[in-house]
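Participant: 3D model of this:
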Amino acid sequence: MQAAINVLTNTNLFSTIVNYQNGLNDFELQLFYLLYLDVTKKDLHSEFNRFHQYLTKYTLPIWMKSFDSVLDCADSQKYHRMRHSLKKLTYYAAAFGNVELLAFLLDKMPIERSPALWEVATKYGQLSILQYLDYNCSTAFCQLAMAHALTVNNVDVVQYLHEYRQVPFSKFSASIAAVNGNLDVVKYVCNKTEQSTRVTVEVVAKNGHLSVLQYLYDNKISHFQNQVMNEAAIAGQLEVVKYLHEGVHLKCSSQALKTTRKNGHNGVADYLSGHQSSIVVQKIDALCQTMKSLFKF
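Facilitator: Here you go, the predicted structure:
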């Protein structure tokens, strides 16, 4: 560690290393992954484990002790890329919920409060970071944060934005949460939405979100028509198809059945071929019972 401190505090040596590497390319690239890769919160530490250990156990303690020296070095050499790279540590702090580090960085490097910080904090469900940004930043991006919060299954963030910051739900909010399979968020939005909620259940079925479909059907939130079955079958969602057949009594069209086989979902097609006739029989029986009751003397 002492050797690293010596490097950081040696202006000429540090400048040579930075110029040779053309900034902190690998470091910067890893931080951009936090923004643009589809990494869930539960996978965050495993995906960035080595990077995380390197920063928390080695690099960050050094930088926080000698941070002013690092910045002075970068500024004296007019090497703005170095300062730009260090600013991206704020994304790292936001993703891992490190309020102390974020506060330290923003104090040392006053930067424009970017909506990217809100996006990262929301993506990984870091409510403490959102609260810090909300309290300390002159510009709040609560609407943007809500748009991202609906796509991830973190109801605490949604609740904070809706109840504390009064961010309203739109008529599409429940659909956004549903098509992403976020059951807890769907429940919260539906319970808080006074207007008649309609969810695009066809997309929910296509994406295979069975628990969301069950909730929507049981609570009569959306209309379930045969197109829901068609979408599930074509996408090869066998468990959803079984539920729609057995629990909702929907039917798959002959064209959708052909497309299902064409897409290689033979298990789904075989299931439907073997069970479709039962729906017809049930409907005929129901019709017969209705006719009997109508003509009963």
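Participant: where does the stretch 1-150 of the chain have low pLDDT?
Facilitator: Scanning the stretch 1-150 of the chain with the threshold set as pLDDT under 70 gives 1-87, 110-113, 138.
Participant: quick check: which element contains residue 159?
Facilitator: Per DSSP states H and E, residue 159 falls inside helix 155-159.
Participant: just checking, what packs against that helix?
Facilitator: helix 127-136, helix 142-149, helix 183-192 (3 or more Cβ pairs under 8 Å, 6 or more residues apart in numbering; DSSP states H and E). Any C-beta I mention is one placed from the backbone N, CA and C, and that applies to glycine too.
Participant: can I get the ones you listed in CSV with distance to residue 117 and mean neighbour count?
Facilitator: Below are those laid out as CSV (distance: least, Cβ to Cβ, whole Å; neighbours: other Cβ atoms under 10 Å):
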stretch, distance to residue 117, mean neighbour count
helix 127-136, 6, 18
helix 142-149, 10, 21
helix 183-192, 22, 19
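Participant: wait, which of those is closest to residue 102?
Facilitator: helix 127-136 (6.5 Å; Cβ to Cβ).
Participant: kindly reformat the helices and strands packed on helix 155-159 as TSV containing distance to residue 274.
Facilitator: As requested, the helices and strands packed on helix 155-159 are exported to TSV (distance: least, Cβ to Cβ, whole Å):
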stretch	distance to residue 274
helix 127-136	48
helix 142-149	42
helix 183-192	30
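Participant: of the ones you listed, which approaches residue 88 most closely?
Facilitator: Closest approach to residue 88 among those (Cβ to Cβ): helix 127-136, 15.2 Å.
Participant: report the angle between the closest one and helix 142-149.
Facilitator: When axes from the mean of the first three to the mean of the last three Cα atoms, to 10 degrees is applied, the directions of helix 127-136 and helix 142-149 differ by 170 degrees.
Participant: so which elements touch helix 127-136?
Facilitator: helix 99-108, helix 115-123, helix 155-159.
Participant: okay, those helices, which one's buried deepest?
Facilitator: Ranked by mean neighbour count, these are led by helix 115-123 with a mean of 22 (mean count of other Cβ atoms under 10 Å).
Participant: with just CA atoms, put that helix into CSV.
Facilitator: Provided in CSV are the C-alpha atoms of helix 115-123 (Å, rounded to 0.1, in the frame of the first residue of the first chain):
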residue,chain,number,x,y,z
PRO,A,115,-29.9,12.1,-14.0
ALA,A,116,-27.5,9.1,-14.4
LEU,A,117,-27.0,9.0,-10.7
TRP,A,118,-30.7,8.7,-10.1
GLU,A,119,-30.9,6.0,-12.8
VAL,A,120,-28.2,3.9,-11.3
ALA,A,121,-29.6,4.2,-7.7
THR,A,122,-33.1,3.3,-8.9
LYS,A,123,-31.9,0.4,-11.1
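Participant: just checking, next helix/strand downstream of the helix holding residue 159?
Facilitator: helix 173-179.
Participant: which secondary structure elements does that next one contact?
Facilitator: When contacts are defined as 3+ Cβ pairs under 8 Å, 6+ apart, helix 173-179 sits against helix 183-192, helix 201-206.
Participant: dump the ones you listed to a markdown table, plus distance to residue 103 and mean pLDDT.
Facilitator: Shown next, in a markdown table, are those (distance: least, Cβ to Cβ, whole Å; pLDDT from 0 to 100):
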| stretch | distance to residue 103 | mean pLDDT |
| --- | --- | --- |
| helix 183-192 | 29 | 94 |
| helix 201-206 | 40 | 96 |
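Participant: mind putting those helices into TSV with distance to residue 276?
Facilitator: Formatted as TSV, the helices and strands packed on helix 173-179 follow (distance: least, Cβ to Cβ, whole Å):
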stretch	distance to residue 276
helix 183-192	29
helix 201-206	17
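Participant: wait, which of those is closest to residue 243?
Facilitator: Proximity to residue 243 (Cβ to Cβ) singles out helix 201-206 among the helices and strands packed on helix 173-179, at 9.2 Å.
Participant: quick one: the next helix or strand after that closest one to helix 183-192, angle?
Facilitator: Downstream of helix 201-206, the first helix or strand assigned by DSSP H and E is helix 210-218. For helix 210-218 against helix 183-192, the angle by the same axes, to 10 degrees is 20 degrees.
Participant: got the buried residues for stretch 157-169?
Facilitator: Neighbour-count burial for stretch 157-169 flags 157-162, 167, 169 (criterion: 16 or more other Cβ atoms under 10 Å).
Participant: show me which of those residues is closest to residue 220.
Facilitator: Nearest to residue 220 among these, with distances taken as Cβ to Cβ, is residue 169, at 19.1 Å.
Participant: how about the helices and strands packed on helix 155-159, which one is nearest residue 202?
Facilitator: helix 183-192 (15.6 Å).
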